[in-house]
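Asks: Below is the structure, and that's it, no one-letter string:
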């Protein structure tokens, strides 16, 4: 069974950057669809970015397109989320999740999350 561990969160000022990491233990991440989610207090969880090596694709929410980049390192079995031009609206707990690479629709495996706080 795969386990996911996020890291890299922190506090930054608006306009700054952070790189989140999602380290997988167990099967390689390219056996899954990996998605970054975020959830801010009082708001619904939002899918931010996905990577699916099976079909060689990435996808982004409109709210982060052009600012965030998802990528993977097979040697480290880690998926990254590079976040640039951060705004206070990006403040949230960020989670990575692994799901069925055929559908990228269900995510049964989740990490514990890493907090991102962006100040104005």
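Replies: The structure has been received and is ready for your questions. Just so we're clear, the structure is a prediction, and the values are computed from it rather than from any experiment.
Asks: Hmm, residue 34 is touching residue 79, no?
Replies: Yes: judged on C-beta atoms under 8 Å, residue 34 makes contact with residue 79 at a distance of 4.8 Å. Just so you know, the C-beta spots here come from the backbone N, C-alpha and C atoms, and that holds for glycine as well.
Asks: Which pLDDT value goes with the residue nearest to the spatial centre of the chain?
Replies: What sits nearest the mean C-alpha location of the chain, by C-alpha atoms, centre = their mean, is residue 36, with 2.6 Å. pLDDT, residue 36: 98.
Asks: doesn't residue 98 make contact with it?
Replies: No: between residue 36 and residue 98 there is no contact, the gap being 11.2 Å when judged by C-beta under 8 Å.
Asks: what residues are shared contacts of residue 34 and residue 79?
Replies: 22, 51, 70, 72, 96 (C-beta atoms under 8 Å, 6 or more residues apart in numbering).
Asks: any chance of those residues in JSON lines, plus pLDDT?
Replies: Formatted as JSON lines, those follow (pLDDT from 0 to 100):
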{"residue": "22", "pLDDT": "98"}
{"residue": "51", "pLDDT": "97"}
{"residue": "70", "pLDDT": "98"}
{"residue": "72", "pLDDT": "96"}
{"residue": "96", "pLDDT": "98"}
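Asks: of all those residues, which two lie farthest apart?
Replies: Using C-beta to C-beta, the shared contacts of residue 34 and residue 79 span at most 11.0 Å, a distance reached by 72 and 96.
Asks: Please enumerate the strands of the protein.
Replies: 3-7, 10-13, 18-25, 32-39, 46-52, 57-60, 68-73, 78-83, 92-100, 109-110, 114-119 (DSSP state E).
Asks: Starting from the third one, tell me which strands it pairs with and how they run.
Replies: In the sheet containing strand 18-25, the strands it pairs with under DSSP bridges are strand 3-7 (antiparallel), strand 78-83 (antiparallel).
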